[in-house]
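Visitor: quick one: sequence plus predicted model below, questions after.
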Amino acid sequence: MFKVFVDGQEGTTGLQIFDYLSRRDDIELLRIPSDRRKDLEARRDFLNRADVAFLCLPDAAARESAVLVTNPSTCVIDASTAFRTHPDWVYGLPELEPEQRQRLKAGKRISVPGCHATAFVLLIHPMIRYGVMPPDYPVTSYSITGYSGGGKKLIAIYEGEQNPKLHSPRPYALQLTHKHLPEMGVRSGLAHPPIFTPVVSNFYKGLAVAVFLHPDRLAKRVTPGAIYDLLTEYYSGEPFIRVMPVDKESNLDAGYFDVQGCNDTNRVDIFIFGNTEQVVLVARLDNLGKGASGAAVQCMNIHLGIDETTGLI
């Protein structure tokens, strides 16, 4: 039985990881007393007793906790943005490229991707790896997401305030400094970060990232069908990724896109819309599942040599 500790077990991601793991009989959850959650020595003890320690903390606290881990056998899986572009940390996206699972199995420091970045990188990285998109392509993207991605404070605002402004979608990070931008550029293989504007709306969870392409400006001119073939080949055999057929009627609901279609799963659905002149790529996921806690558990399973789908939907 593997021992697992969640540092930050009261946060949105930490609670969901607890929920995933509490149903399993191969995991022993180490539970720190609530009155000692901020006790440095108590946290050090729990972190170093674990086979896997999840850090579900703000960036500064995650960096502090990472330093506390001195047991060479403990694998640290961090859910913050602190280490997502750090060269000594393995990026926790198993589907990134063929070598990634071996890196996750061998590594002791794993950084779980951001929810927006997961969807974005899964769309862009294969295009660059296969030479279809040049690294200097000026990518424009937006994401629409449920409010749970903002954590406990934003959840409390949406579920507690009677503010009519919350009824409509709200674009944010318009200064183009969203915290996921560094990893979106580095991990996709782009030479420069994309122009990226997320939108939060009045629903709990669900996320869809859209990327807009002009085929005549790519390194290789491709049709929507060719992009479908490329992505289908790249993600062949992936248990959590579905590339949906181009122009299939069921991709839309009476002409509208269902952002919440992957909720309560660890799945990513990829869609290709458009024609020979313009293409829209869309990746959909549950921002609390594959966008956070589900991805963390998937990485843990791979690292421990367990079937990566164990305990995930």
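Guide: Okay, I see it.
Visitor: now the strands: where do they sit in the chain?
Guide: Secondary structure of the chain (DSSP state E): strands located at 2-7, 27-30, 52-55, 75-78, 90-91, 109-111, 140-146, 170-171, 195-201, 207-213, 241-243, 268-274, 279-285.
Visitor: please convert those strands to JSON lines, extending it with distance to residue 128 and mean pLDDT.
Guide: All C-beta atoms are positioned from the backbone trio N, CA, C, and that covers glycine. Formatted as JSON lines, these follow (distance: least, CB to CB, whole Å; pLDDT from 0 to 100):
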{"stretch": "strand 2-7", "distance to residue 128": "35", "mean pLDDT": "96"}
{"stretch": "strand 27-30", "distance to residue 128": "37", "mean pLDDT": "94"}
{"stretch": "strand 52-55", "distance to residue 128": "30", "mean pLDDT": "97"}
{"stretch": "strand 75-78", "distance to residue 128": "25", "mean pLDDT": "98"}
{"stretch": "strand 90-91", "distance to residue 128": "15", "mean pLDDT": "98"}
{"stretch": "strand 109-111", "distance to residue 128": "20", "mean pLDDT": "98"}
{"stretch": "strand 140-146", "distance to residue 128": "14", "mean pLDDT": "96"}
{"stretch": "strand 170-171", "distance to residue 128": "27", "mean pLDDT": "94"}
{"stretch": "strand 195-201", "distance to residue 128": "16", "mean pLDDT": "96"}
{"stretch": "strand 207-213", "distance to residue 128": "12", "mean pLDDT": "98"}
{"stretch": "strand 241-243", "distance to residue 128": "17", "mean pLDDT": "98"}
{"stretch": "strand 268-274", "distance to residue 128": "16", "mean pLDDT": "97"}
{"stretch": "strand 279-285", "distance to residue 128": "13", "mean pLDDT": "97"}
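Visitor: and the pLDDT for the nearest residue to residue 8 once chain neighbours are set aside?
Guide: Nearest residue to residue 8, sequence neighbours excluded (CB to CB, 6 or more residues apart in numbering): residue 56, at 3.5 Å. In this model, residue 56 is scored at 95, pLDDT.
Visitor: and residue 56, how far from residue 243?
Guide: Using CB to CB, to the nearest Å, residue 56 is found at 31 Å from residue 243.
Visitor: who has more neighbours, those two?
Guide: Ranked by neighbour count (other CB atoms under 10 Å), residue 56 and residue 243 place residue 56 first, with 28 against 23.
Visitor: with that, I have no additional questions.
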